[in-house]
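1. predicted model and sequence below, questions to follow.
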Amino acid sequence: MNTNASTKLQQLFETRGAIKTIGVIGMGYVGIPAAVLFADAPEFDQVYGFQRDSKSSGYKIGMLNAGVSPLKGEEPGLEDLIAKVTGIDGGENSGKPKFTCTSDFAKIAECDAVTLAIQTPFANPKDLIPNFTPLIEGIRNVGRYLTPGTLVVLESTITPGTTAGMAREILEEESGLVAGEDFGLAHAPERVMVGRLLKNIREHDRIVGGIDAVCTGRACELYGPVLTKGALIPMSATAAEVTKTAENTFRDLQIAAANQLALYCEAMGINFYDVRTGVDSLKGEGITRAILWPGAGVGGHCLTKDTYHLERGVQQLGPDALDWPDDIASLYVSSRQINDFMPSHMLHLTESALQQIGKTMTGAKIALLGWAFLNDSDDARNTPAEPFYQAAIAAGAEVRVHDPWVDPETAPDVPDGADITRDLEAVLRGADAVVIFAGHKEYRNFVPAEVKTLCGCSHPVIVDGRNVADPDEWISGGFVYRGIGRGDKNGHAV
Ligand SMILES: NC(=O)c1ccc[n+]([C@@H]2O[C@H](COP(=O)([O-])OP(=O)(O)OC[C@H]3O[C@@H](n4cnc5c(N)ncnc54)[C@H](O)[C@@H]3O)[C@@H](O)[C@H]2O)c1
Ligand SMILES: CC(=O)N[C@@H]1[C@@H](OP(=O)(O)OP(=O)(O)OC[C@H]2O[C@@H](n3ccc(=O)[nH]c3=O)[C@H](O)[C@@H]2O)O[C@H](CO)[C@@H](O)[C@@H]1O
């Protein structure tokens, strides 16, 4: 970036003065808390929440302007904060709301800073290609109404290189302005967890990456006021994109390391959890090991995707510069393959246990417990239970699915026939095998004898994918036990 350009932009920022009016595009799990936190900061005067008036989400505009959150689930403090900043609570903002939601994108021209928190799903979970269409539409809208001296920040999770590449090109094309000279451009990824959105935005350190130092500085002015505990961590836009995708890639890698070791422990006939206790006992400066937990697989919206954003980024930004053999998968892709193998391993454990009682998958009645990808959650996005379900059906089994949290009406991608029910007894009744995929609290206090009575056979099978069943209790209760990592118990005498 040439210094003249940066100087010009710095002067534009100084002429405009401090950021006072902010636009947030995309009223979702990220955009809504982000917008109302900006609105609640005394440093800012006005915040617009831009939401396209689409069939699926246009309803949010009216709800938000009525002071009501359109988000599902408990979000501590969010309802009150929306009511406060819209003035609906009759408080300091009544009559002159600091936050208003609108589909009038022309108001972007009034903003000193505009952030984009638009969804970036993968078009098809199988081909792992991100669908940036909604984001591109949002970026185009910003470009259309962009004025000199405005700061634009992408908050969505994106492939490294997107901010300084595609986003910059579209903004310049639509506005006729030049990034880093006429307007600021940065990436500030979101690290929120549903259920603690406000807390995470306030307390997590905030990665802020501009396409140059002047843009980074302006972006720090935007995010500083909403941080209570978190610190600002400035860097380049591409480094910020890599940070976001890498932090989830690393978590997926750590889980894969535990899964691979669990498979080894099963093969060697030892208890993974003894080994984990041993490894975890190494504490102290520079020697601590972060060993996570093996399980039935890795689901969710973050860890199943962000590795491929990172891989795509390095392929796009440095294909010739990357010193790595073409024919060897990266450690990160191998980690994804290990985690994606775990549902197959659960099937193999089920098959081997059924075999022990003279049964095969064909005609076997399987009670699949836990459709959500996370313990005690209703979130079923990319659940590892789904590939298990499909493979078991393909092998000729009859599978009944229980989950006390997931709403079958709204859960994504539920296969035809996988009627998720909350009637646990109905799922267990007559089952040859009980297979646990989520560690819901409902599954932690079973009485094996009661479950066996419901199953109605002499030696039902229990396959524990989340380490919630005590092997000895179930074996002495007459079950054929299998558990991830339990090489010391798997294959016990019946
Ligand atoms: N949800 C999380 O916990 C979380 C955590 C970290 C990062 N992220 C990332 O943040 C981004 C947003 O995720 P989210 O969960 O808030 O998505 P979301 O689907 O909840 O919200 C996106 C909103 O943007 C709106 N929208 C889409 N296209 C638009 C357009 N062109 N103009 C205006 N509005 C538009 C949608 O209607 C929707 O209301 C994604 O990239 C996601 O990966 C999400
Ligand atoms: C903002 C953001 O992007 N946040 C991410 C989000 O990730 P998430 O919502 O996807 O939840 P995760 O906890 O990562 O679980 C994912 C899957 O991995 C399985 N799993 C987990 C741990 C383990 O030891 N063994 C496992 O097998 C588990 O069953 C589930 O299927 O929150 C995490 C903090 O909770 C963050 O760190 C992570 O950046």
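-> Structure's in. What do you need? Ligands and ions are numbered 1, 2, ... in the order given.
2. in contact with the closest residue to P384 other than its chain neighbours, which residues?
-> Nearest residue to P384, sequence neighbours excluded (Cβ to Cβ, 6 or more residues apart in numbering): G297, at 2.5 Å. Quick note: C-beta positions are derived from backbone N, CA and C, even for glycine. By Cβ atoms under 8 Å, 6 or more residues apart in numbering, the contact set of G297 is 339-340, 342-343, 346, 384-385, 387-388, 437, 465.
3. emit the PyMOL select command for whichever of those are buried.
-> A single PyMOL command selects the buried members of the contacts of G297 (16 or more other Cβ atoms under 10 Å):
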select buried, resi 339+342+343+346+384+385+387+388+437+465
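4. coming back round to it: how close does the residue nearest to P384 sit to T304?
-> When distance is defined by Cβ to Cβ, to the nearest Å, G297 is 10 Å away from T304.
5. where exactly do the strands run in the stretch 151-300 of the chain?
-> Under the criterion DSSP state E, counting those that start in this stretch, strands of the stretch 151-300 of the chain are mapped to 151-154, 184-187, 206-210, 232-236.
6. do the same with the stretch 301-450 of the chain
-> 365-369, 398-402, 420-421, 433-436.
7. so what's the gap between the least confident helix or strand in the chain by mean pLDDT and the chain middle?
-> Using mean pLDDT, DSSP states H and E, helix 3-16 stands out as the lowest-scoring helix or strand of the chain, at a mean of 91. Helix 3-16 has its average C-alpha position 37 Å from the chain's average C-alpha position, going by Cα atoms, centre = their mean, to the nearest Å.
8. count of neighbours near P160?
-> 28 (other Cβ atoms under 10 Å).
9. now it. Nearest residue, chain neighbours left out?
-> G313 (2.9 Å).
10. again with W405
-> Closest residue to W405 apart from its sequence neighbours, by Cβ to Cβ, 6+ apart: D378 at 4.2 Å.
11. for the one you found, give me its contacts.
-> Contacts of D378 (Cβ under 8 Å, 6+ apart): 73, 372, 405-407, 411.
12. in stretch 128-137, what's buried?
-> 128, 130, 132, 134-135.
13. show me how the record splits this structure into domains.
-> 3-230, 236-494 (automatic domain parsing).
14. select, out of those, the one closest to ligand 1.
-> Ligand 1 sits nearest to domain 3-230 of all these, at 1.7 Å, using Cβ to the nearest ligand atom.
15. mind listing what the residue nearest to P160 touches?
-> Taking Cβ under 8 Å, 6+ apart as the criterion, G313 is in contact with 159-161, 238, 241-242, 245.
16. which of the residues you listed lies closest to F479?
-> T245 (42.0 Å; Cβ to Cβ).
17. tell me how far that closest one lies from P130.
-> According to Cβ to Cβ, T245 and P130 sit 11 Å apart.
18. overlap of the contact sets of the two?
-> Common neighbours of T245 and P130, using Cβ under 8 Å, 6+ apart, are 159, 309.
19. leaving aside the residues adjacent along the chain, what's closest to the single nearest residue of the stretch 301-450 of the chain relative to ligand 2?
-> Proximity of the stretch 301-450 of the chain to ligand 2 (Cβ to the nearest ligand atom) peaks at C302, 3.7 Å away. Excluding the flanking residues, the one nearest C302 by Cβ to Cβ, 6+ apart is N248, at 4.9 Å.
20. in the chain, which residue is most central in space?
-> C302 (3.1 Å; Cα atoms, centre = their mean).
21. pretty sure that residue sits against T249.
-> No - with contact defined as Cβ atoms under 8 Å, C302 does not count as touching T249 (9.9 Å).
22. mark which of the contacts of D378 are buried, thanks.
-> 372, 405-406, 411.
23. okay if I get the residues you listed as CSV plus distance to A397 and pLDDT?
-> Shown next, in CSV, are the buried ones among the contacts of D378 (distance: Cβ to Cβ, whole Å; pLDDT from 0 to 100):
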residue, distance to A397, pLDDT
A372, 21, 96
W405, 24, 94
V406, 21, 94
A411, 21, 86
